[in-house]
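Student: This is the structure alone, sequence omitted:
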């Protein structure tokens, strides 16, 4: 059952270009960024991320001062999510979703593929949502899977709830529609939050802990990605980075955003306030 849309947003790519630096170099491919897809520990004192430096491929973690760099899992992996008790990280590798103990060599298969990607651990620890031809919710106790939505490219939990933010990408004749939905994983009730129509490539949507704002990365065809936010109450868009940014992740206390700086001479992780101020480097690729 679907409710009628409660928000609607129409944005042309020109609106994004107006706030971007037109002299920015053409974008790299994703593999050129060495530190990507960061995600926070539940305590907010560490950030895990996918590292693709030569000889250092895998999921690593770093503390918020930029020190204590630690390998959590070696190998060609993608995505990641921390369990709410801080003991496990889940990620996808070769179409499977695995969980690695933070404090030991224990490794578990949570989802035995295929094509299973982008896991997100629920705040109560009971459920793992992920993408596989739509959005699926796995009950971790029983192993039972349930389809939450038949379409979806990105999924994140609204903090402290049993509902998830779903990003849906739909190609249209002259643009692409990026639609955000909020779905309750128990009742399966879904409501539309907003639709963004643009020729830019937008994705990696993440809500702030209060659920009032959603951050995302947006990459024009001829420029590098930058981080934006949209306030759901009034649908106001704000550009948070102007020198390259993608893969935003909001800290558990809602004060900080970690992201990949996508400038030509970078590709490492940076921190900033949720309003885009106080930017500082976290990792050096």
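Tutor: Arrived safely. Everything numeric in this text was worked out from a predicted model, so none of it was measured.
Student: where does residue 202 fall, helix, sheet strand or coil?
Tutor: Secondary structure, DSSP: H, G, I helix; E, B strand; the rest coil: residue 202 is strand.
Student: residues near it, how many?
Tutor: By other Cβ atoms under 10 Å, the residues close to residue 202 number 21. Where you see a C-beta, it was placed from the backbone N, CA and C, and this is true even at glycine.
Student: what bits of the protein have low per-residue confidence?
Tutor: Across the chain, the ranges flagged by pLDDT under 70 are 1-31.
Student: What are the contacting residues of stretch 96-115?
Tutor: Here stretch 96-115 makes contact (Cβ atoms under 8 Å, 6 or more residues apart in numbering) with 59, 72-73, 83, 86-92, 94-95, 116-117, 119, 128, 130, 132-133, 138, 140, 145.
Student: now the end-to-end length of it.
Tutor: Stretch 96-115 has its terminal residues 7 Å apart, counting by Cα to Cα, to the nearest Å.
Student: Check which residues of it are buried.
Tutor: Residues 96-100, 102, 110-111 are the ones in stretch 96-115 that count as buried (16 or more other Cβ atoms under 10 Å).
Student: Next: stretch 217-234.
Tutor: In stretch 217-234, the ones that count as buried by 16+ other Cβ under 10 Å are 217-220, 223-230, 232.
Student: Stretch 259-268 too?
Tutor: 259-263, 266-268.
Student: can you map out the strands along the stretch 101-250 of the chain?
Tutor: Using DSSP state E, counting those that start in this stretch, the strands of the stretch 101-250 of the chain run over residues 107-111, 117-121, 127-131, 135-139, 145-149, 154-157, 163-171, 176-184, 190-198, 201-207, 213-219, 226-231, 236-239, 246-250.
Student: For residue 63, find the nearest of those strands.
Tutor: Shortest distance between residue 63 and the strands of the stretch 101-250 of the chain, using Cβ to Cβ, is found for strand 246-250: 15.2 Å.
Student: Mind giving me the packing neighbours of the next helix or strand after that closest one?
Tutor: For strand 246-250, the succeeding helix or strand toward the C-terminus, using DSSP states H and E, is strand 256-260. Using 3 or more Cβ pairs under 8 Å, 6 or more residues apart in numbering; DSSP states H and E as the contact test, the elements touching strand 256-260 are strand 35-40, strand 246-250, strand 269-273.
Student: and those strands as a markdown table, adding distance to residue 157 and mean neighbour count?
Tutor: Shown next, in a markdown table, are the helices and strands packed on strand 256-260 (distance: least, Cβ to Cβ, whole Å; neighbours: other Cβ atoms under 10 Å):
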| stretch | distance to residue 157 | mean neighbour count |
| --- | --- | --- |
| strand 35-40 | 12 | 24 |
| strand 246-250 | 12 | 24 |
| strand 269-273 | 22 | 20 |
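Student: Distance to residue 51 added to the ones you listed, as a markdown table?
Tutor: Listed next are the helices and strands packed on strand 256-260 as a markdown table, based on distance: least, Cβ to Cβ, whole Å:
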| stretch | distance to residue 51 |
| --- | --- |
| strand 35-40 | 6 |
| strand 246-250 | 13 |
| strand 269-273 | 10 |
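Student: so which of those strands comes closest to residue 285?
Tutor: Going by Cβ to Cβ, the one of those nearest residue 285 is strand 35-40, 5.5 Å.
Student: Give me the phi and psi angles of the spatially closest residue to residue 133 that is not a sequence neighbour.
Tutor: Spatial nearest neighbour of residue 133, excluding adjacent residues (Cβ to Cβ, 6 or more residues apart in numbering): residue 115 at 6.8 Å. Backbone geometry at residue 115, expressed as degrees, to the nearest 10, gives phi 60, psi 30.
Student: Same question for residue 75.
Tutor: Main-chain dihedrals, residue 75, degrees, to the nearest 10: phi 130, psi 170.
Student: Would you mind measuring from it to residue 249?
Tutor: Residue 75 sits 21 Å away from residue 249, going by Cβ to Cβ, to the nearest Å.
Student: PyMOL command for the buried members of the contacts of stretch 96-115?
Tutor: Only the buried entries of the contacts of stretch 96-115 go into this PyMOL selection, using 16+ other Cβ under 10 Å:
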select buried, resi 59+72+73+83+88+89+90+91+92+116+117+119+128+130+132+138+140
